[in-house]
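S.K.: Have a look at this fold, sequence not included:
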Ligand code: ATP
């Protein structure tokens, strides 16, 4: 029987466990042997793999994080590292690897393919920053966590007539900021894709809202915009409104995955194994609309990310 392996790599995301579970169970149902690789590509370099059975993935779906652990592996990111990992796969009889992770992990999967091992990428990252797919595993959970946290911040912001500047994750991608900004009714949302003007987009807006009787303000800022503390101090200096910065940070990466993350992860994990079972290689699984599809890895990595201008306009119109 054909033997495959599954690993999680790069930043962890809620729902990765559902993907791993789906890969293991689909593989077994197709009559394959399946290994779980520990700590991303490191497991292929250190021989840290374990044979999985139906029960190895019991009880993991509802947990955040990844039961296989994850890592960033500088050693793998070298030609020697890739060859070593491919040699280990051949030694174990591993013909295919499902890699759950972000863009960086897909580049690794492409390199491992180049070294003769069939690889399939599955998008797992809370940022939703992968161009080829409308959705990445972990995104929905992160959005809901950020929304709940900002709702709490709003309670205290309101009680004190303050302005809260809340930084959410997203280094290159403003999707978390944009959606949570709409969901919490932020007065302004700053994303890395759109430059902002401090006077026009923040100070003037706050003053205009103040004239209509508004006394507390939430501003959502994507991590990639940067300088959240400095921005908060400038707002207080320019408006006289007491302002506080909150960086949500890693709370957004944890927690039990939402239904959407569990279902999408299960569908994507299944699709990845189906591809390997059909002899495909060098593909990434993606979501287009509500359909699960797949693309060539190199093609996927070269796609430009499209920012949702319409959603940005809605957000700008509704926030004041
Ligand atoms: P996230 O964006 O959620 O953190 P990611 O998969 O993009 O996820 P990275 O840290 O960029 O996270 O990549 C994870 C691992 O993939 C790296 O540690 C490395 O082993 C491998 N990798 C990254 N970039 C490359 C590359 N250009 N070529 C080969 N392997 C790579």
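M.R.: Perfect, thanks for sending it. In this text, all values refer to a predicted model and were calculated from it rather than measured experimentally. Residues are numbered from 1 along each chain as shown.
S.K.: My read is that residue 241 contacts residue 163, right?
M.R.: Yes. Using CB atoms under 8 Å, residue 241 makes contact with residue 163 at a distance of 4.9 Å. Where C-beta positions appear, they are placed from N, C-alpha and C, glycine not excepted.
S.K.: Nearest residue to the residue in the stretch 101-250 of the chain positioned nearest to the ligand in space, ignoring adjacent ones along the chain?
M.R.: Residue nearest to the ligand within the stretch 101-250 of the chain (CB to the nearest ligand atom): residue 104, separated by 2.0 Å. Leaving aside its chain neighbours, residue 104 sits nearest to residue 10 (5.4 Å; criterion: CB to CB, 6 or more residues apart in numbering).
S.K.: how about that neighbour, what does it touch?
M.R.: Neighbouring residues of residue 10 by CB atoms under 8 Å, 6 or more residues apart in numbering: 40, 70, 72, 101-102, 104-105, 124-125.
S.K.: same thing but 7 Å
M.R.: Each residue near residue 10 by CB atoms under 7 Å, 6 or more residues apart in numbering is listed here: 70, 72, 101-102, 104-105, 125.
S.K.: Could you do residue 105 as well?
M.R.: Counting by CB under 7 Å, 6+ apart, residue 105 makes contact with 9-10, 99, 121.
S.K.: Select from those every entry located in strands.
M.R.: 99, 121 (DSSP state E).
S.K.: between the contacts of residue 105, which is nearest residue 149?
M.R.: residue 10 (23.2 Å; CB to CB).
S.K.: and the closest one, what pLDDT?
M.R.: pLDDT recorded at residue 10 is 96.
S.K.: Can you name the two of the contacts of residue 10 that sit furthest apart?
M.R.: Farthest pair in the contacts of residue 10 (CB to CB) is 72 and 125. Separation: 12.9 Å.
S.K.: in this protein, which spans are strands?
M.R.: Taking DSSP E to define them, one finds strands in the chain at 3-8, 33-37, 49-51, 94-101, 118-123, 163-168, 188-190, 217-222, 243-247, 283-288, 291-296.
S.K.: hmm, back to that, out of the contacts of residue 10, who's the most crowded?
M.R.: The most neighbours of any of the contacts of residue 10, using other CB atoms under 10 Å, belong to residue 101, which has 31 neighbours.
S.K.: thought it was touching residue 6?
M.R.: No. The pair residue 101 / residue 6 is not scored as a contact, 11.2 Å apart, by CB atoms under 7 Å.
S.K.: Residues that sit against both of the two, list them.
M.R.: Contacts common to residue 101 and residue 6, judged by CB under 7 Å, 6+ apart, are absent.
S.K.: residue contacts, the residue nearest to residue 106 when sequence neighbours are not counted?
M.R.: Excluding its sequence neighbours, the residue lying closest to residue 106 (CB to CB, 6+ apart) is residue 121, at 4.3 Å. Shown in contact with residue 121 (CB under 7 Å, 6+ apart): 99, 105-106, 109, 284-285, 297.
S.K.: Among the contacts of residue 10, which ones are in helices?
M.R.: 104-105 (DSSP state H).
S.K.: who in the protein is up against the ligand?
M.R.: By CB under 6 Å from any ligand atom, the residues of the chain that approach the ligand are 9-11, 41, 72-73, 76-77, 101-105, 107-108, 111, 125.
S.K.: repeat that with 8 Å
M.R.: 9-13, 40-41, 71-77, 81-82, 101-108, 110-111, 124-127, 129 (CB under 8 Å from any ligand atom).
S.K.: Filter the residues you listed down to the buried ones and hand me the PyMOL line.
M.R.: A single PyMOL command suffices to select whichever of the residues of the chain next to the ligand are buried according to 16 or more other CB atoms under 10 Å:
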select buried, resi 9+10+11+12+13+40+41+71+72+73+76+81+82+101+102+103+105+106+107+108+110+111+124+125+126+127+129
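S.K.: Now do the closest residue to residue 170 other than its chain neighbours, the pLDDT please.
M.R.: Using CB to CB, 6+ apart and skipping residues adjacent in sequence, the residue nearest residue 170 is residue 222, 4.1 Å away. With respect to pLDDT, residue 222 scores 98.
S.K.: ok, residue 50 - how many residues close by?
M.R.: What residue 50 shows, counting by other CB under 10 Å, is a neighbour count of 12.
S.K.: Measure how buried the nearest residue to residue 166 once chain neighbours are set aside is and give me the count.
M.R.: Closest residue to residue 166 apart from its sequence neighbours, by CB to CB, 6+ apart: residue 246 at 5.0 Å. Residue 246 is flanked by 19 other residues according to other CB under 10 Å.
S.K.: same check, this time on residue 200
M.R.: The number of residues packed near residue 200 is 9, by other CB under 10 Å.
S.K.: The one 4 residues further on too?
M.R.: Counted by other CB under 10 Å, the residues lying close to residue 204 total 12.
S.K.: got it, and residue 62?
M.R.: 11.
S.K.: quick one: contacts for the closest residue to it other than its chain neighbours?
M.R.: Of all residues not flanking residue 62 in the chain, residue 256 sits nearest, at 5.3 Å (CB to CB, 6+ apart). By CB under 7 Å, 6+ apart, residue 256 lies in contact with 14, 62-64.
S.K.: That'll do, ta.
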